[in-house]
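A.B. asks: A predicted structure for the sequence below; I have some questions about it.
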Amino acid sequence: MKVHFIAIGGAAMHNLAIALHKKGFQVTGSDDVLFEPSVSRLNKYGLLPEHDGWYPEKITADIDAIILGMHARIDNPELLKAQELGLKIYSYPEYIYEQSKDKLRVVIGGSHGKTTITSMILHVLQAAGKEFDYLVGAQLEGFETMVGLTHNAPVIIIEGDEYLASPIDRRPKFHLYKANIGVISGIAWDHINVFPTFESYIEQFKIFIDTIQPDGRLIYSQTDEILNKTVAADNNDIIKLPYGLPQYTISDGVTTILSEGKSYPLQVFGEHNLLNMEAARLVCDALDISKADFYSHIQSFKGAARRLELLGKNNTSNVFKDFAHSPSKLKATIHAVKIQFPKRKLIACIELHTFSSLNKDFLAEYAGTMDEADIAIVFIDSKTFVQKKMEPYPAETVKQAFLKGDVLFFNDTQQLLNYLESLDIAGGNLLMMSSGNFGGLNLSEITNKLLKISAE
């Protein structure tokens, strides 16, 4: 098979390119700009384009499939050439389905927790010695790439994003996988630029349920009221399996699962992670892994990258980094750290970075989300407004939206750095949350400096 990637540098795209190369496909690709880690990874396998840019002469009639990335535009010269030649053009989720249509497909959907649930399933399946293919949205310990495709694996575990598939396919990605086992972790409005009303966003999950194959399974969180109503109104011929929190204890900063007379101490914590774990357990149960084996294997799970990732600690303080950016994720992550360390003060910093989170009309969704933080900080890099061509707003607008009058607001990276380095975190935890990079701050250096000061 000869496959060409238009916009090969994307996170999912370059991982899929490597996976197909490993499977024996002839892979080529183009992109107008490439960044690390895609540059190094593509180069390792001889897949890095020789030059940046678009080259329609690369598009020839002998190509079996074009895979179109979201980064490409509808007037991309390579895309236009492929259309002119009548070549088969896929979005990457379409091609994942094409490669897995004869396998059992497990698709993890939901507004939050998708990467963690998928990661937990992969961790347990690997520990249990199972054969599987996968697509996950983060780099995981023990996995070289974020996509794995083989000829023989009987099952594929797919993280199912609700964002759009490609510039010419405006369907949410998770609609295209046709799940045999579907998971929905919860429904909390996101992607306001694509789904301008909450109702239009909820509709995407109704459609996802419709795509689950006959006699399939839907595993869903019974703790989510909107999701419960959505599932209750569904009449599809599928098995519906709700999940809630397992029995657990917290002692000395360690969460322990209690099941069938046995105790299983974990390396992760937080009610949201315990819910994620129960979703993963029900999937693994459907894949013939017992409850006892699941809990035994999940004990060694350290978490997905940037999901309550521990940057450093000493005897009195921890510093965490988390991907949280939407209102539901922000609230759940703050709550998790506060409950896990109830006697420690919590300094929580959120960077508003995505289109939705920066949208002035969406800001009100953040009301009350930082109430449990002892010190709450909101950061918006002033450059982000310029990059996204959005109108900036003052600190007062942010404070009114969060309904927390003492929230601190920074829009300058250096000012944020000065404040963070002035903190004394002895007897407290610092939680840094963003899908961006805080304007380029070196969080490792900040962590080391703060922990050194707090230990003195």
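C.D. replies: Received the coordinates, thanks. Numbering: from 1, shown residues only.

A.B. asks: from here on, contacts and neighbour counts on C-alpha atoms
C.D. replies: Will do.

A.B. asks: tell me if I'm right that H123 and G303 touch.
C.D. replies: No. Using C-alpha atoms under 8 Å, H123 is not in contact with G303, being 9.7 Å away.

A.B. asks: out of everything not next to it in sequence, what's closest to the residue nearest the centre of the chain?
C.D. replies: Nearest residue to the geometric centre of the chain (C-alpha atoms, centre = their mean): T115, 4.4 Å. Nearest in space to T115, with sequence neighbours left out and distances taken as C-alpha to C-alpha, 6 or more residues apart in numbering, is G137 at 5.8 Å.

A.B. asks: who touches the one you found in this structure?
C.D. replies: Counting by C-alpha atoms under 8 Å, 6 or more residues apart in numbering, G137 touches A12, T115, M146, E159.

A.B. asks: now do the contacts for D161.
C.D. replies: Taking C-alpha under 8 Å, 6+ apart, one finds G109, G110, P172, K173, F174 in contact with D161.

A.B. asks: I'd like these written out as TSV, with distance to V268 and neighbour count added.
C.D. replies: Shown next, in TSV, are the contacts of D161 (distance: C-alpha to C-alpha, whole Å; neighbours: other C-alpha atoms under 10 Å):
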residue	distance to V268	neighbour count
G109	21	29
G110	20	22
P172	30	20
K173	29	22
F174	27	29
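
A.B. asks: tell me which of the residues you listed is nearest to D374?
C.D. replies: Proximity of the contacts of D161 to D374 (C-alpha to C-alpha) peaks at G110, which lies at 29.4 Å.

A.B. asks: how close does that closest one sit to S221?
C.D. replies: Using C-alpha to C-alpha, to the nearest Å, G110 is found at 10 Å from S221.

A.B. asks: which residue sits closest to A332, ignoring its sequence neighbours?
C.D. replies: Nearest one to A332, counting by C-alpha to C-alpha, 6+ apart, is H272 at 6.4 Å.

A.B. asks: E94 looks like it's in a strand, true?
C.D. replies: No. Applying DSSP: H, G, I helix; E, B strand; the rest coil, one finds E94 to be helix, outside a strand.

A.B. asks: next, count neighbours for it.
C.D. replies: 21 (other C-alpha atoms under 10 Å).

A.B. asks: now for the closest residue to it other than its chain neighbours: which residues touch it?
C.D. replies: Excluding its sequence neighbours, the residue lying closest to E94 (C-alpha to C-alpha, 6+ apart) is L176, at 6.0 Å. Taking C-alpha under 8 Å, 6+ apart, we find L176 in contact with P93, E94, Y97, T211.

A.B. asks: hmm, who's touching the longest helix along the chain?
C.D. replies: Using DSSP state H to define each element, the chain has its longest helix at helix 271-286. Residues outside helix 271-286 that contact it (C-alpha under 8 Å, 6+ apart): 106, 113, 116-118, 120-121, 124-125, 181, 183, 185, 219-221, 243-246, 290-291, 294, 332-333, 336.

A.B. asks: switch the cut-off to 6 Å
C.D. replies: With C-alpha atoms under 6 Å, 6 or more residues apart in numbering as the test, helix 271-286 has contacts from I117, I121, L245.

A.B. asks: again with stretch 203-213
C.D. replies: Under C-alpha under 6 Å, 6+ apart, the answer for stretch 203-213 is H175, K178, A179, N180.

A.B. asks: spatially nearest residue to L358, not counting backbone neighbours?
C.D. replies: L358's closest residue in space is L352 (C-alpha to C-alpha, 6+ apart), at 6.0 Å.

A.B. asks: just the helices in the stretch 151-300 of the chain please.
C.D. replies: 198-211, 225-232, 271-286, 291-298 (DSSP state H, counting those that start in this stretch).

A.B. asks: can you give me the strands in the stretch 51-200 of the chain?
C.D. replies: Using DSSP state E, counting those that start in this stretch, the strands of the stretch 51-200 of the chain run over 65-68, 89-91, 104-109, 133-135, 147-148, 155-159, 164-166, 169-172, 181-184.
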